[in-house]
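*Asks:* heads up, no residue letters with this:
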């Protein structure tokens with residue numbers, strides 16, 4: 001491969017695949033996953049070297065302004081997932097199945113999951129739930145669709161759960177979570193997100209599963225970690241979940257930049273001559289004469 005000047009250029013980084021993630025668990029290599037919802041941020045996440053991009057239904061809250069993820073539609077998800085696939089080439093791409101897109105049964109789930117692959121360029125899909133979605137996961141994987149599972153706090157069921165609360169806090173609930181995770185693995189899931197569960201429970205699940213666990217509020221012993229991009233960058237207002245580390249405060253920088261723009265426009269200092277287009281003096285004089293004649297007539 002050569003660049004436009006004839007010199008050798010570095011080969012494009014190899015695409016991350018589902019088998020790569022499974023191998024990373026086997027080789028005890030940590031996995032990084034981040035959400036993204038558009039091409040611009042997907043490109044930046046790719047450049048940062050993140051392994052997996054999740055086009056999460058969290059876009060309903062951080063991008064579309066809903067109070068929960070429940071109102072998000074398949075059309076919303078496909079549109080944003082397609083944008084992400086146009087912006088990122090290396091990471092494994094996961095499309096989040098929104099509420100109502102798979103609960104009616106395996107046939108409905110297969111139709112909607114196929115849209116992520118055919119229309120949006122995703123490599124896989126994510127499904128929330130435990131034992132109740134095992135047969136759906138089995139049907140999807142049997143038909144060639146890679147599935148990431150999601151147990152613990154499942155945001156699509158936040159009303160049923162009574163809010164965004166830590167799950168699996170009792171021995172009985174923790175055992176059910178681990179049993180559900182094992183059943184999802186048996187159904188063909190290639191990875192499992194563990195959200196808002198006690199760290200010791202996540203550690204036990206990770207120990208007993210052959211597929212990688214991705215934690216979000218589940219402690220350091222998971223095989224990988226995921227966070228919501230807007231939480232990481234400080235772009236989602238003042239709300240910050242306990243488990244979400246804010247690595248930058250871009251929200252404050254954005255507000256500062258916009259205030260500066262507002263000030264310069266109001267005082268007439270933007271745009272300057274260097275930020276303005278001009279034309280030949282002869283053409284300007286011709287235009288002015290033409291306008292003057294029209295006005296006089």
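*Replies:* Yep, it's here. For clarity, every value in this text was computed on a predicted model and none was experimentally measured.
*Asks:* how much space between residue 43 and residue 56?
*Replies:* Note on residue 43: its distance to residue 56, by C-beta to C-beta, to the nearest Å, is 17 Å. C-beta: built from backbone N, CA, C; applies to glycine.
*Asks:* how far off centre is stretch 56-76?
*Replies:* 12 Å (C-alpha atoms, centre = their mean, to the nearest Å).
*Asks:* now do it, average pLDDT.
*Replies:* What stretch 56-76 shows for mean pLDDT is 95.
*Asks:* and the strands in the protein, which stretches?
*Replies:* 31-35, 52-55, 92-96, 124-128, 146-152, 191-195, 213-216, 224-227 (DSSP state E).
*Asks:* what's the closest of those to residue 13?
*Replies:* Closest to residue 13 of the strands of the chain is strand 92-96 (C-beta to C-beta; 12.4 Å).
*Asks:* that closest one packs against which elements?
*Replies:* helix 18-26, strand 52-55, helix 74-87, strand 124-128 (3 or more C-beta pairs under 8 Å, 6 or more residues apart in numbering; DSSP states H and E).
*Asks:* now do it against strand 146-152, angle only.
*Replies:* 60 degrees (axes from the mean of the first three to the mean of the last three C-alpha atoms, to 10 degrees).
*Asks:* what angle separates strand 92-96 from strand 124-128?
*Replies:* Relative orientation of strand 92-96 with respect to strand 124-128: 40 degrees, computed using the same axes, to 10 degrees.
*Asks:* may I see the buried residues of the longest helix anywhere in the chain?
*Replies:* Across the chain, the longest stretch assigned as helix under DSSP state H is helix 250-267. Buried positions in helix 250-267, judged by neighbour count with 16 or more other C-beta atoms under 10 Å: residue 251.
*Asks:* average pLDDT for that helix?
*Replies:* 96.
*Asks:* what does it contact?
*Replies:* 233, 234, 235, 236, 237, 270 (C-beta atoms under 8 Å, 6 or more residues apart in numbering).
*Asks:* just name the closest of those residues to residue 52, please.
*Replies:* Distances from residue 52 to the contacts of helix 250-267, taken by C-beta to C-beta, are shortest for residue 233, at 17.7 Å.
*Asks:* touching, the closest one and residue 247? I think so.
*Replies:* Yes. The pair residue 233 / residue 247 is scored as a contact, 7.1 Å apart, by C-beta atoms under 8 Å.
*Asks:* more neighbours: those two, which one.
*Replies:* Neighbour tally, residue 233 and residue 247, criterion other C-beta atoms under 10 Å: the higher count belongs to residue 233, 19 against 11.
*Asks:* just say which of the helices and strands packed on strand 92-96 is most tucked in.
*Replies:* Burial of the helices and strands packed on strand 92-96 is given as mean neighbour count (mean count of other C-beta atoms under 10 Å); strand 52-55 ranks first at a mean of 29.
*Asks:* and it, what other elements does it pack with?
*Replies:* strand 31-35, helix 39-47, helix 74-87, strand 92-96, strand 224-227.
*Asks:* can I get those in TSV including distance to residue 124?
*Replies:* Output for the helices and strands packed on strand 52-55, formatted as TSV (distance: least, C-beta to C-beta, whole Å):
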stretch	distance to residue 124
strand 31-35	12
helix 39-47	16
helix 74-87	11
strand 92-96	5
strand 224-227	14
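*Asks:* between those, which gets nearest to residue 293?
*Replies:* Minimum separation from residue 293 across the helices and strands packed on strand 52-55 (C-beta to C-beta) falls at helix 39-47, 48.3 Å.
*Asks:* just want the angle from that closest one to strand 31-35.
*Replies:* Using the same axes, to 10 degrees: helix 39-47 against strand 31-35 is 170 degrees.
*Asks:* so among the contacts of helix 250-267, which ones count as buried?
*Replies:* Here, 16+ other C-beta under 10 Å leaves 233, 234, 235, 236 buried among the contacts of helix 250-267.
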